[in-house]
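**Q** The following block contains a protein sequence and its predicted model.
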Amino acid sequence: MGDGFIAVFGSVVDAVTFAVAMQKAVPDRQAGTAPEKRLVHRIGINLGDVVVEGDDLLGDGVNVAARLEQICKPGGILISGTAYDQLQGKLGLPLDFTGEQQVKNISRSVRTYAVRLDGSAPGWRRVLPRYVKRARPVSAAALVALVVVGGGWWYSHRAALSSVPSIAVMPFEVAGGDAATDRLARGIANDISIDFSRVRNLDVIGSSTTEAYGSRGADVRRIARDLNVRYVLTGAIQREGDQFRVSALLQDGDTGASLWSNRWDRPSGDIFAVQNEVSDGVISTLGGRGLLTSLAAVAARRKGPSDLEGYDLFALGMADFYKGGEEGFAESIKLFDAAIAKDPQFGFAYVKKGWAIFNYALSANRDLDEAANEFERLSRKAIEIDPYDAEGHVSLGDKLVWWGDLVQGAVEVERALELNPSSADIMALSAGAMYHLGRPEQGAALCDKAYRLNSAPPTWYPPFFYGNYFFTKRYRESAEATKRFDAWQRAHELDPLVFCAAAQIEVGAADDAAATIAEWKQRYPQALPVEAYMSFYTVYSRQQEADQLVASLRKAGAPMCVPGEKLADFPKLQRLKICDEERAKQVVR
């Protein structure tokens, strides 16, 4: 297959063990090689049919593995859902769900999971079998196809680029700076991406995906091929005392040719103005080449930070926020407060503080209504400071929808999508309201595009996705998202357990659903029933979503009804018909 090879294994465990050993050995073996000459491999693993025909390995198993290799991140391992189902718990390797992918020449979508190489549990290693000999003809239907491609030959096998103009903003390289300068460089790149996301017909790759590449020694043509983008923006920041030198370069992803570049020497007080000039320069260049049909969306620029120290405190707060859990959220709130004290007009810090307070309440089992009210206040404050802050609008919209104000909440969510139509993060946040508004199909489409633009998504995406996937009957993805959310938030929250149990029973995983129900009862000793959950913990604009969820939970064996003797404790209970019937039977007995 040209620049790669195919290997067939007798088990998924053997295939993944080999792949991990290979990827971990590559950096050590190339330590003395110049960065531009190093080979970087991508590995795709699938469990499926493999047919030997002469010297060729054919079949669906090979085809899917080959497609996974093409969308895998450089240096990574991407496995299919069939392989994942066989692997769980056997190697102690963290596996991150990366969405259902539509791949070339495969009619169905493929569930995909990335193997997290830096998170291996102790004791996972096994003795590797010998794979040198050519595989013998096989007829079994469950062999593993492993496809590996070396990055040294990527140029001659470049995938077709998207017809929609698209750009990846890489982390700016830091020349001789400290940790604070490094955080500033990443933050500026992220803010430039947000500026680009205001353009309606420009796909913008999410920052958590581009950050995975680092900032040094990256080949823009390789990046463009991996991320399927037409343009790549790189840059560098050098700090000497109170002075900054910033450079930026926009290149064609196909040829590597320079399309625009500039350099600025500025004092620290003007560093954020440079960010705006970079955005303006790139957008003007692409507009001048006739590649963007409308620049009106960027005419009104959102209000950015103005204090360098405050911006660094904000970046530190985001690092704690991404860690999740009660401690992570608590620390992030302190840092966001410090950032706001330094820069009271930095609206984005108010939004993120609101999310941190809300998630802290969930993790620490605090008063959620009180936290939600503060979340709403902070979102409104951010909008007051900057009416063009899309995350302020979508955060307010989510809160209003979740607390039952569906009409005004929908207005705020739509405003956010209008302001930043190409932002993966805004798509993800907006999806959190869609299934409550009776639009789960639109929500699932937003989730899918967010994953496409941000293939290494931040930790907070899953809670906005699992409801949309459940109501569009993508149950496996829904269940996986609930587990990832629970692991990040480490919350005392019922919602992910509800959707996890409902999704598990729908895919036939009755034992898993029963275990989730048992955890539900353990977390809530009073066995909070579905009838109370549907009345007080969630809201839907259409009855069909409520009916679908209740039916699945009943099938899963969830505690369904408030006992008759406790009805007085729930004066506003929206009674379920099946529960009234059950209580009537109890009275007759």
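**A** Done, it's in.
**Q** contacts, neighbours, all on C-alpha from now
**A** Noted.
**Q** for the chain, what helix or strand is lowest in average pLDDT?
**A** Lowest on mean pLDDT, DSSP states H and E among the helices and strands of the chain sits strand 143-150, with a mean of 47.
**Q** what element comes up after that strand heading to the C-terminus?
**A** strand 166-169 (DSSP states H and E).
**Q** What helix or strand is Pro27 located in?
**A** Going by DSSP H and E, Pro27 is in helix 12-29.
**Q** Check which helices and strands that helix sits against.
**A** Secondary-structure packing of helix 12-29 (3 or more CA pairs under 8 Å, 6 or more residues apart in numbering; DSSP states H and E): strand 41-48, helix 81-87, strand 143-150.
**Q** quick one: buried residues of the helix or strand containing Arg183?
**A** Assessed by DSSP H and E, Arg183 sits inside helix 179-196. Residues 181-196 are the ones in helix 179-196 that count as buried (16 or more other CA atoms under 10 Å).
**Q** Stretch 97-112 now?
**A** Phe97, Thr98, Gly99, Glu100, Gln101, Val103, Val110, Arg111, Thr112.
**Q** for the one helix or strand the fourth one maps to, packing partners?
**A** Translated: Glu100. Assessed by DSSP H and E, Glu100 sits inside strand 95-101. Where contact means 3+ CA pairs under 8 Å, 6+ apart, strand 95-101 is packed against strand 110-115, helix 440-453, helix 475-489.
**Q** Make CSV out of those and add mean pLDDT and distance to Leu400.
**A** Compiled in CSV, those are given as follows (pLDDT from 0 to 100; distance: least, CA to CA, whole Å):
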stretch, mean pLDDT, distance to Leu400
strand 110-115, 86, 33
helix 440-453, 93, 17
helix 475-489, 87, 21
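**Q** Looking at these, which is nearest to Ala431?
**A** Nearest of the helices and strands packed on strand 95-101 to Ala431, taken as CA to CA: helix 440-453 at 4.5 Å.
**Q** ranges for the strands of the stretch 151-300 of the chain?
**A** 166-169, 173-175, 203-204, 231-240, 243-252, 258-267 (DSSP state E, counting those that start in this stretch).
**Q** contacts for the strand holding Glu100?
**A** Applying CA atoms under 8 Å, 6 or more residues apart in numbering, the contact partners of strand 95-101 are 109-116, 448, 451, 455-457, 477, 480-481.
**Q** Show me the two of these that sit farthest apart.
**A** Going by CA to CA, the pair spanning these furthest: Ser109 and Arg116, at 22.3 Å.
**Q** And the buried residues of stretch 97-112, which two are furthest apart?
**A** Phe97 and Val103 (16.3 Å).
**Q** Just give the number of residues close to Glu240.
**A** Applying other CA atoms under 10 Å, we find 12 residues neighbouring Glu240.
**Q** show me the contacts for it.
**A** Contacts for Glu240 (CA under 8 Å, 6+ apart) come out as none.
**Q** repeat for Tyr466
**A** Glu477, Ser478, Ala479, Ala481, Thr482, Phe499.
**Q** ok, now Val562?
**A** Contact partners of Val562, counting by CA under 8 Å, 6+ apart, are Pro529, Glu531, Ala532, Cys579.
**Q** His436 versus the first one, what's the distance?
**A** What it means is Pro529. From Pro529 across to His436, the span is 20 Å (CA to CA, to the nearest Å).
**Q** Is Lys473 in a helix, a strand, or coil?
**A** coil (DSSP: H, G, I helix; E, B strand; the rest coil).
**Q** That one: neighbouring residues, count only.
**A** 15.
**Q** ok, now how distant is it from Trp402?
**A** Applying CA to CA, the value for Lys473 to Trp402 is 22 Å.
**Q** Can you name the residues bridging to the closest residue to Val174 other than its chain neighbours?
**A** Leaving out its chain neighbours, the residue that sits closest to Val174 by CA to CA, 6 or more residues apart in numbering is Ile237, at 5.0 Å. Bridge pairing for Ile237 (DSSP bridges) gives the partners Val174, Val246.
**Q** What strands flank the strand holding Glu100, and is each parallel or antiparallel?
**A** strand 110-115 (antiparallel).
**Q** Let's see the strand it pairs with as PDB, backbone CA atoms only.
**A** Output in PDB follows, covering the C-alpha atoms of strand 110-115 (Å, rounded to 0.1, in the frame of the first residue of the first chain):
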ATOM      1  CA  VAL A 110     -18.000   4.300  12.200                       C
ATOM      2  CA  ARG A 111     -17.600   4.800  16.000                       C
ATOM      3  CA  THR A 112     -14.000   5.900  16.700                       C
ATOM      4  CA  TYR A 113     -11.900   5.900  19.900                       C
ATOM      5  CA  ALA A 114      -8.400   7.400  20.400                       C
ATOM      6  CA  VAL A 115      -5.900   5.500  22.500                       C
END
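**Q** Other residues contacting it?
**A** For strand 110-115, the surrounding residues in contact (CA under 8 Å, 6+ apart) are 68, 76-81, 84, 93-103, 477.
**Q** Apply 6 Å and report the result again.
**A** Outside strand 110-115, the residues that touch it by CA atoms under 6 Å, 6 or more residues apart in numbering are Ile77, Leu78, Ile79, Ser80, Gly81, Leu95, Asp96, Phe97, Thr98, Gly99, Glu100, Gln101.
**Q** Kindly calculate the angle that that strand makes with helix 475-489.
**A** Angle of strand 110-115 versus helix 475-489, following axes from the mean of the first three to the mean of the last three CA atoms, to 10 degrees, is 30 degrees.
**Q** which ones are touching the residue nearest to Asp252 when sequence neighbours are not counted?
**A** Sequence neighbours aside, Tyr231 is the residue nearest to Asp252 in space, at 5.0 Å (criterion: CA to CA, 6+ apart). Shown in contact with Tyr231 (CA under 6 Å, 6+ apart): Ile167, Gln251, Asp252, Gly253.
**Q** and the last one, how many neighbours does it have?
**A** Gly253 is flanked by 25 other residues according to other CA under 10 Å.
**Q** so which of the contacts of Val562 comes closest to Gly4?
**A** Nearest member of the contacts of Val562 to Gly4, counting by CA to CA, is Pro529, at 54.2 Å.
**Q** thought the closest one was touching Ala558?
**A** No - with contacts counted by CA atoms under 6 Å, Pro529 stays clear of Ala558, the gap being 7.5 Å.
**Q** Comparing these two, which residue is more hemmed in?
**A** When neighbours are counted by other CA under 10 Å, Pro529 and Ala558 differ, and Ala558 comes out ahead with 24 against 17.
**Q** Flag the shaky bits of the stretch 151-300 of the chain, pLDDT-wise.
**A** 151-164, 176-177, 214-218, 287-300 (pLDDT under 70).
**Q** Please produce TSV containing the strands of the stretch 151-300 of the chain, extended by distance to Ala503.
**A** TSV is the format used below for these (distance: least, CA to CA, whole Å):
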stretch	distance to Ala503
strand 166-169	35
strand 173-175	44
strand 203-204	32
strand 231-240	39
strand 243-252	44
strand 258-267	49
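**Q** Quick check: which of these is nearest to Asp569?
**A** strand 203-204 (50.8 Å).
**Q** Which elements pack onto that closest one?
**A** Using 3 or more CA pairs under 6 Å, 6 or more residues apart in numbering; DSSP states H and E, the elements in contact with strand 203-204 are strand 166-169.
**Q** Please name the strands paired to the strand it packs on in the sheet, noting orientation.
**A** strand 203-204 (parallel), strand 231-240 (parallel).
**Q** which of the ones you listed is buried the deepest?
**A** strand 203-204 (a mean of 26; mean count of other CA atoms under 10 Å).
**Q** That strand: how far from the chain's middle?
**A** Distance of strand 203-204 from the chain centroid (CA atoms, centre = their mean, to the nearest Å) equals 15 Å.
**Q** Residues in contact with that strand: which ones?
**A** With CA under 6 Å, 6+ apart, strand 203-204 has contacts from Ser166, Ile167, Ser422.
**Q** follow-up on the earlier one: arrange the contacts of Tyr466 in CSV, one row each, with distance to Tyr466 and neighbour count as further columns.
**A** Output for those, formatted as CSV (distance: CA to CA, whole Å; neighbours: other CA atoms under 10 Å):
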residue, distance to Tyr466, neighbour count
Glu477, 7, 25
Ser478, 4, 26
Ala479, 7, 26
Ala481, 5, 27
Thr482, 6, 24
Phe499, 7, 23
